[in-house]
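K.L.:
Test case, fold it:
(one chain, ligands or ions: 1)
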Amino acid sequence: RSAEVVILGAGPAGLVLGNLLHRAGIDCVVLERADRARLHARARAGFLAEHTVRVLDRHGLADGLHRRGRPHATCEFRTGDGRFRLDYAGLGRGERHTVYPQQHLVADLLTSYLAAGGRLHFATEAHRVLDTDGERPTVEASGPDGRPVRWRARYVAGCDGRHGAARRSLPPGAVVHHHDHGLSWLGLLAEAPPSLDAVGYAVHEHGFAGHMARTPEITRYYLQCDRGTPPEAWSEEHIWRELDLRMRAAEHGPLHRGSIVQRTVVDLECDVVEPLRHGALLLAGDAASLLTPSAAKGANLAVLEAELLAAALVDEIAHGDGRALDGYSGRCLEYIWRAQEFSHWMVRLLHAAPTPHGVPSSFDEGLRRARLAALRTSRAQQDWFAENYVGL
Ligand code: FAD
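P.N.:
As a prediction, this is how the structure comes out:
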């Protein structure tokens, strides 16, 4: 089997790329490990930056988002010293988020790609990409029946996340810059309406807690937990007790309770692969760089990179102009490192760095308090925050 471009993974990166290439008349195919029902159910991101909405708008992929997404532009910080709000649409570049669950975006992108006649194989797992330096790289995969399948391509786009086949196929010279914050969050979806009209970031001696709207019926919460905590370790009662305590519900108002319908433990780790191009293998999205969820950047970067990669591949395949493809990695890495830097700053705003014995040093705790105080009191700091929080 063959295609000019074989795309691994049908997440935001792979599907934006597939839609754009297919419309430009480039022969491509998407291989996706999961089945369609699983993709529709995979709840992760929810906060889309204005840049992301502009990309999706430019290519006619934003109808669902405009119909069902909601604008969002406030965050609230809660600490032992009280609370403060930032209305970030009035700060920095004046941009806001659109809240639209990632699984809805993925469903929209799938519908549009398949309706336009795009080729996609569900339940097909890529194992390795071979001969990335040769003329015809090959993807070794297995289909829904478990039988091996080989795809020959001119280019392979690795959009299959951090644990995918693209990462496993990197040549020995590839550098993966990795950082582990040593912190973990229990990520929760509650069947309950949002409890405040803002993203809530709470800093408490028990650890961080976060509140993020998803839909009028579903809210995402985060609770910092010890590394290695199994997702099922905390009872629902314990979860709500900790959320009430850390979000200081007694002081600032009750949280709307509901069943916990999803739990995942996210270790706050991040990495960057450098470069993003290895011969015919090109990386985008989480396959290129993993970010912590602290600043909601991952899905936004995935869309930005997919648009750049699509334009570069069209230039090269349809017009024989390889300049954009040569510059693809360098261009993306500028965005990636800026997003990594801001996400890192957010982690340090919300947690003191852990020490080997678990208790943060009082010095580091003092730095964290100073960061929050600067954000509360300095307009220049607030403008910088807003620009980086929503921007790319
Ligand atoms: P993915 O969405 O991971 O898609 C990769 C696809 O590849 C998947 O469908 C997978 O099934 C498939 N795949 C994997 N391996 C193979 C294989 N071997 N063969 C074939 N297919 C394969 N980002 C934000 O911007 N805003 C947020 O608010 C936000 N919140 C988050 C909350 C949580 C709890 C988490 C975990 C992440 C969050 N993120 C957020 C990050 C965001 O979800 C990711 O950055 C985003 O999904 C990256 O898109 P992607 O297309 O690169 O990868």
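
K.L.:
Up against the ligand, what does the stretch 251-392 of the chain have?
P.N.:
Residues of the stretch 251-392 of the chain lying close to the ligand (CB under 6 Å from any ligand atom) are T264, V266, G285, D286, P293, A296, K297, G298, A299, N300, A302. Yep, even glycine has a C-beta here, placed from its N, CA and C like the rest.

K.L.:
can you rerun that using 5 Å?
P.N.:
G285, D286, P293, A296, G298, A299, N300, A302 (CB under 5 Å from any ligand atom).

K.L.:
Of these, which is the most crowded?
P.N.:
G285 (31 neighbours; other CB atoms under 10 Å).

K.L.:
now that one, nearest residue through space, not along the chain?
P.N.:
A13 (3.0 Å; CB to CB, 6 or more residues apart in numbering).

K.L.:
hang on, the earlier thing: give me the subset of the residues of the stretch 251-392 of the chain next to the ligand that lies in helices.
P.N.:
Counting by DSSP state H, these place G298, A299, N300, A302 in helices.

K.L.:
from these, which single one is nearest N388?
P.N.:
N300 (11.9 Å; CB to CB).

K.L.:
wait, doesn't that closest one sit right on E50?
P.N.:
No - taking contacts as CB atoms under 8 Å, N300 lies outside contact range of E50: 9.6 Å.

K.L.:
before we move on, which element is A166 in?
P.N.:
helix 165-168 (DSSP states H and E).

K.L.:
ditto for L188
P.N.:
strand 175-190.

K.L.:
centre of the chain versus that strand, how much separation?
P.N.:
With CA atoms, centre = their mean, to the nearest Å as the basis, strand 175-190 stands 12 Å off its chain's centre.

K.L.:
give me phi/psi at I26?
P.N.:
phi -90, psi 130 (degrees, to the nearest 10).

K.L.:
how many neighbours does D326 have?
P.N.:
12.

K.L.:
again, but for L367
P.N.:
Quick note: L367 (other CB under 10 Å) scores 14 neighbours.

K.L.:
How about A312?
P.N.:
22.

K.L.:
Pull up the gap between it and A13, please.
P.N.:
14 Å (CB to CB, to the nearest Å).

K.L.:
same check, this time on E135
P.N.:
25 Å.

K.L.:
out of those two, which sits in the busier spot?
P.N.:
Per other CB under 10 Å, whichever of E135 and A13 has more neighbours is A13, with 32 against 8.

K.L.:
packing partners for the helix or strand containing the more buried one?
P.N.:
A13 is located in helix 12-23, with elements delineated by DSSP H and E. Identification of packing neighbours for helix 12-23 by 3 or more CB pairs under 8 Å, 6 or more residues apart in numbering; DSSP states H and E yields strand 2-8, strand 28-31, helix 102-115, helix 298-319.

K.L.:
any idea of the mean pLDDT for the first one?
P.N.:
Right, strand 2-8. On average, the pLDDT along strand 2-8 is 98.

K.L.:
Need the CA coordinates for it. CSV is fine.
P.N.:
Written as CSV, here are the backbone C-alpha positions of strand 2-8 (Å, rounded to 0.1, in the frame of the first residue of the first chain):
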residue,chain,number,x,y,z
SER,A,2,1.2,3.5,-0.6
ALA,A,3,0.5,7.2,-0.2
GLU,A,4,2.5,10.4,-0.7
VAL,A,5,2.1,11.2,3.0
VAL,A,6,1.3,8.7,5.7
ILE,A,7,0.0,10.4,8.8
LEU,A,8,0.3,8.5,12.1
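
K.L.:
ok, back up a step: relative to F363, which of the residues of the stretch 251-392 of the chain next to the ligand is nearest.
P.N.:
Nearest to F363 among those: P293, at 26.8 Å, using CB to CB.

K.L.:
At the geometric centre of the chain, which residue sits there?
P.N.:
G298 (2.5 Å; CA atoms, centre = their mean).

K.L.:
Tell me who's in contact with it.
P.N.:
Each residue near G298 by CB atoms under 8 Å, 6 or more residues apart in numbering is listed here: A45, G285, D286, L290, L291.

K.L.:
give me the number of residues near the residue of the stretch 1-150 of the chain found nearest the ligand?
P.N.:
Ranked by CB to the nearest ligand atom, the top residue of the stretch 1-150 of the chain for proximity to the ligand is G11, at 2.1 Å. G11: 29 surrounding residues under other CB under 10 Å.

K.L.:
S142 now?
P.N.:
There are 15 residues near S142, going by other CB under 10 Å.

K.L.:
pretty sure it is touching W151, no?
P.N.:
No - here S142 lies out of contact with W151, judged by CB under 8 Å, at a distance of 11.6 Å.

K.L.:
about what we covered before: which phi and psi values does the residue of the stretch 1-150 of the chain closest to the ligand adopt?
P.N.:
Taking degrees, to the nearest 10 as the convention, G11 sits at phi -90, psi -170.

K.L.:
Please apply the same query to G320.
P.N.:
phi 70, psi 20.

K.L.:
Against the ligand, how distant is it?
P.N.:
29 Å (CB to the nearest ligand atom, to the nearest Å).

K.L.:
from here on, count from 741
P.N.:
That works, and once the first residue is 741, the last one we named lands at G1060.

K.L.:
who's in contact with that residue?
P.N.:
So G1060 contacts nothing (CB under 8 Å, 6+ apart).

K.L.:
Let me know the secondary structure of R825.
P.N.:
Counting by DSSP: H, G, I helix; E, B strand; the rest coil, the backbone at R825 sits in strand.

K.L.:
Go through the contacts of G1038 and name the one nearest the ligand.
P.N.:
So of the contacts of G1038, ranked by how close each gets to the ligand (CB to the nearest ligand atom), first place is G1025, at 2.0 Å.
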